[in-house]
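Colleague: Structure for this input, please:
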Amino acid sequence: MSGKDSRFYRILSRRSRWTALLVAVTIPVAALVLRSFWGAGPAQAGGPSVLGVLTGSAPTAKQASTPEAQSPRTSGGPLGTTASVPPRSATPQAEQPQVVAVVNREPITRDELRKECLRHYGEEVLESVVNKYLIMEECQRRGITISAEEVDAEITRMATRFGMPVETWFKLLKDERGIKPDQYKRDIIWPMLALRKLAGDRLLVTEEELRREFESRYGPAVKARMIVVSKRETAEAVRAEAAANPDQFGELAKKFSEDASSASLKGLIQPIRKHVGQKEIEEAAFALKPGEVSQVIPIANQFIILKCEEQLPPAKIRFEDVRNEIEELAKDSKMRTVAQEIFRDLQSRAQIVNVFNDPQRRSQMPDVAALINNRPVRLDDLGEMCIDRHGEEVLENLISRKLIEQACRKRNIQVTEADVDAEIERAARENLPLLPDGRADVERWMQLVTQQQGIKAEVYRNSIVWPAVALKKLVGNDISVSEDDLQKAFEANYGPRVRCRAIVLNNLRRAQQVWDKARSNPTEEHFANLAEEYSVDPATRALRGEIAPIQKYGGQPLLEQEAFSLKPGEISGIIQVAPETYVILYCLGQTKPVDVDLNSVRQILVEDLKAKKTRLAMADLYEKIRGEATIDNYLAGTTQSPSLSRAAGRSSGTSVR
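Modeller: Next comes the predicted model:
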């Protein structure tokens, strides 16, 4: 996928950065699926709203009987004095502007944004609201408080853990995850500290647990290749072929594996370690000798085949030297388990009614998202919390759709449900095996994309497929393929490729230091050790620098030119492939070209090139539409218009393209 292509699809299908951060900092607050725990008993919406309690704008259960609690609290510090409730939330809904953006004089209202945010993130945010409210109630019941100083100290600890000042940490959270400091305090740090206090002695780590954590990090590992398929009979057939020809395992993975990320590397995966993942896979991997192929391993609804490439020895690191680090990691790991136990206990003692996901209840209580111990989570309040967390991201999607809709209206182009269905059918046909009757497996494709991206089918259809279909119609079918295009595509797909190891670095000075180390001992083993130690890319670090063979015309001309100039055993210079991204290659040789004639694959290449050129044209058109638009984004506080761009160009003495 080209840079323009990927930019366009990032705009259309950006997913939650919120959940990613929760995983990154090992906070389990949003990690549980509450639906299976929520009761179905009747309840009435009464009393102050849950979000009012959480944000300090309504009395808590403990305060409700006091005279002071008869009117909502409207002032106070971000944590209050006792802090058995989280920090205050964003500006109340009534104070918010009702138009959030204007696109070429067409407004996008806050109501539209709220509904779209609920469609994308309502379930996820409601889950965290329920969890946080249950934590808050339990803290109040047990007299547990969390001070502002404790919150600040934890933020400092987290920033120090990642080697940066607090302000830099806040900036990183905002830039990379879209999380503001007050959101971080309220929705991540406060629940984590509360859970720690609720967990108490259950977070104590035994010596045995420390040793297991140490072994999972620094113990022996298995370098392996993997094939994943969804049908037992296919797995058995592929396994038999692999066992008969172990050297062809990589080609079989490339051809049959349904795990795209490992299939592209001919089945190569990160080394398998003990006490980390599925016990069945770990036991099978460690039982293999180099070159051996495992039996078929059933895991959930998939079937796994492994091939052992190498049994890797433990790292030469003493337990005593990393004990503090291991203890912190073990506590984080235990926290996830204990948090689930706490939530199960709290949910079993609470009366929780999910209205949001129940059409019948929603028709009876249209303004309520859920009831927690007979206290309502109001739908509009939930929508505002969704806006607070994800509003800027979702508004960008709405702006993009509005721009495309306007372009379609100008040219009298319509996108029907049948068009959307046809595009989904095409994607299923291209990416999955056909059904026995020759039809595309649309049902499985929908399951795959919604599960992998964590979105509803409705969101996939409306926010990803619809814009793509509309832009494809706007581009039209006037896409030509030249002989030069065909020749380059033929070389890219069927020509030789360069087998390499690679080290990826994000600092030129560090790249120069590592390059000098590689040059001083230019062997494959030494280079692999350097990749494992210094590469900032997790995949190349885990795989000791192994990457997929580099092809011609793959979108990185400097990298390709350098790779194809190398001889086996040679080390490249430092190649800058992006801002602050540098690559060093170690050449292992070239693959043989595929023995195929251009004319025999001409039609396949033409279709593939047309599809790629269409995507590029779609991205170019979208950028053109956006560049010519006047957009006032009040949520982000930004404005753009062609006239402003031209004026800026004139004032700086430069032309604006």
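Colleague: pretty sure Thr639 belongs to a helix, no?
Modeller: No: with DSSP: H, G, I helix; E, B strand; the rest coil as the criterion, Thr639 is strand rather than part of a helix.
Colleague: which residue sits closest to it, ignoring its sequence neighbours?
Modeller: Asp632 (5.1 Å; C-beta to C-beta, 6 or more residues apart in numbering). Backbone N, C-alpha and C define where each C-beta goes, glycine included.
Colleague: Go through the helix or strand harbouring that neighbour and flag the buried ones.
Modeller: Applying DSSP states H and E as the criterion places Asp632 in strand 631-633. Applying a neighbour-count criterion of 16 or more other C-beta atoms under 10 Å, one finds 631-633 buried in strand 631-633.
Colleague: for the residue nearest to Thr639, which residues make a bridge with it?
Modeller: Val102, Thr639 (DSSP bridges).
Colleague: Contact partners for it?
Modeller: With contact set as C-beta atoms under 8 Å, 6 or more residues apart in numbering, Asp632 has these partners: 101-102, 638-639.
Colleague: buried subset of the residues you listed?
Modeller: 101-102.
Colleague: and the two most separated of the contacts of Asp632?
Modeller: Val102 and Thr638 (11.8 Å; C-beta to C-beta).
Colleague: who touches both of these two?
Modeller: With C-beta under 8 Å, 6+ apart, Val102 and Thr638 have common neighbours 631-632.
Colleague: Report the mean confidence score over the strand holding Asp632.
Modeller: Averaging pLDDT along strand 631-633 yields 97.
Colleague: Check stretch 459-474 too.
Modeller: Computed over stretch 459-474, the average pLDDT equals 95.
Colleague: what do you get for stretch 437-446?
Modeller: On average, stretch 437-446 scores 93.
Colleague: cool, stretch 103-122 as well?
Modeller: 96.
Colleague: ok, residues contacting it?
Modeller: With C-beta under 8 Å, 6+ apart as the criterion, stretch 103-122 contacts 16, 96-102, 356, 369, 379-380, 382-384, 386-387, 389-391, 394-395, 397-399, 402-403, 406, 455-456, 458-459, 463, 629-631, 635.
Colleague: Report the buried members of the residues you listed.
Modeller: Buried among the contacts of stretch 103-122 (16+ other C-beta under 10 Å): 16, 100-102, 356, 369, 379-380, 382-384, 386-387, 389-391, 394-395, 397-399, 402-403, 455, 459, 463, 629, 631, 635.
Colleague: So which of the residues you listed sit within helices?
Modeller: 379-380, 382-384, 386-387, 389-391, 394-395, 397-399, 402-403, 459 (DSSP state H).
Colleague: What are the boundaries of the strands in this structure?
Modeller: 99-103, 106-109, 221-229, 272-273, 297-299, 302-312, 352-354, 368-372, 375-378, 498-505, 575-578, 581-590, 631-633, 638-640 (DSSP state E).
Colleague: okay if I get these as JSON lines plus distance to Arg202?
Modeller: Supplementary listing: those in JSON lines, determined by distance: least, C-beta to C-beta, whole Å:
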{"stretch": "strand 99-103", "distance to Arg202": "44"}
{"stretch": "strand 106-109", "distance to Arg202": "47"}
{"stretch": "strand 221-229", "distance to Arg202": "30"}
{"stretch": "strand 272-273", "distance to Arg202": "25"}
{"stretch": "strand 297-299", "distance to Arg202": "29"}
{"stretch": "strand 302-312", "distance to Arg202": "33"}
{"stretch": "strand 352-354", "distance to Arg202": "23"}
{"stretch": "strand 368-372", "distance to Arg202": "24"}
{"stretch": "strand 375-378", "distance to Arg202": "28"}
{"stretch": "strand 498-505", "distance to Arg202": "40"}
{"stretch": "strand 575-578", "distance to Arg202": "45"}
{"stretch": "strand 581-590", "distance to Arg202": "43"}
{"stretch": "strand 631-633", "distance to Arg202": "46"}
{"stretch": "strand 638-640", "distance to Arg202": "47"}
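Colleague: Just name the most buried of the ones you listed.
Modeller: Highest mean neighbour count of these: strand 368-372, a mean of 26 (counted as mean count of other C-beta atoms under 10 Å).
Colleague: which helices and strands does it pack with?
Modeller: If contacts are counted by 3 or more C-beta pairs under 8 Å, 6 or more residues apart in numbering; DSSP states H and E, strand 368-372 sits against helix 110-141, strand 352-354, strand 375-378, helix 379-410.
Colleague: repeat that for 6 Å
Modeller: helix 110-141, strand 352-354, strand 375-378 (3 or more C-beta pairs under 6 Å, 6 or more residues apart in numbering; DSSP states H and E).
Colleague: Of these, which is nearest Asp247?
Modeller: helix 110-141 (45.7 Å).
Colleague: Please spell out which residues along that closest one are buried.
Modeller: Quick answer for helix 110-141 (16+ other C-beta under 10 Å): 110, 112-140.
Colleague: how close does Thr638 get to Ile399?
Modeller: With distances taken as C-beta to C-beta, to the nearest Å, Thr638 is found 10 Å from Ile399.
Colleague: meant to ask about Glu215
Modeller: The value you get for Glu215 to Ile399, if C-beta to C-beta is used, is 50 Å.
Colleague: do the same with Pro359
Modeller: 30 Å.
Colleague: What of Ala470?
Modeller: As judged by C-beta to C-beta, Ala470 and Ile399 stand 14 Å apart.
Colleague: now swap in Ala468 and tell me
Modeller: 17 Å.
Colleague: right, and the strands of the chain - which one's nearest Ala263?
Modeller: That would be strand 221-229 among the strands of the chain, by C-beta to C-beta, at 8.2 Å.
Colleague: Count the residues that sit near the nearest residue to Lys552 once chain neighbours are set aside.
Modeller: Closest residue in space to Lys552, ignoring its immediate chain neighbours: Glu491 at 5.0 Å, by C-beta to C-beta, 6+ apart. Look at Glu491: counted by other C-beta atoms under 10 Å, it has 15 neighbours.
Colleague: shift numbering so it begins at 108
Modeller: That works, and once the first residue is 108, the last one we named lands at Glu598.
Colleague: What does the pLDDT read for Glu598?
Modeller: Glu598 is given a pLDDT of 94.
Colleague: Next: Phe356.
Modeller: 95.
Colleague: Serialize the helices and strands packed on strand 475-479 to JSON lines and add fields for distance to Arg425.
Modeller: Shown next, in JSON lines, are the helices and strands packed on strand 475-479 (distance: least, C-beta to C-beta, whole Å):
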{"stretch": "helix 217-248", "distance to Arg425": "39"}
{"stretch": "strand 459-461", "distance to Arg425": "49"}
{"stretch": "strand 482-485", "distance to Arg425": "51"}
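Colleague: Phi and psi next, for Pro700.
Modeller: phi -60, psi 150 (degrees, to the nearest 10).
Colleague: For it, grab the count of nearby residues.
Modeller: 12.
Colleague: and it, what is it in contact with?
Modeller: Contact partners of Pro700, counting by C-beta atoms under 6 Å, 6 or more residues apart in numbering, are 602-603.
Colleague: domain parsing for this protein?
Modeller: Domain assignment for the chain by automatic domain parsing gives 110-172+186-307+442-498, 327-419, 520-582, 603-697, 709-759.
Colleague: Those domains into CSV, with extra columns for distance to Glu427?
Modeller: Output for the domains of the chain, formatted as CSV (distance: least, C-beta to C-beta, whole Å):
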stretch, distance to Glu427
domain 110-172+186-307+442-498, 21
domain 327-419, 19
domain 520-582, 41
domain 603-697, 21
domain 709-759, 50
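Colleague: which stretch in the ones you listed has the least confidence?
Modeller: domain 110-172+186-307+442-498 (a mean of 75).
Colleague: Need the contacts of Asp739 in TSV (columns: distance to Arg430).
Modeller: Shown next, in TSV, are the contacts of Asp739 (distance: C-beta to C-beta, whole Å):
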residue	distance to Arg430
Ala208	53
Val209	58
Thr745	49
Thr746	54
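Colleague: For the nearest residue to Lys338 once chain neighbours are set aside, list each beta-bridge partner.
Modeller: Excluding its sequence neighbours, the residue lying closest to Lys338 (C-beta to C-beta, 6+ apart) is Phe410, at 7.3 Å. Bridge pairing for Phe410 (DSSP bridges) gives the partners Val336, Pro405.
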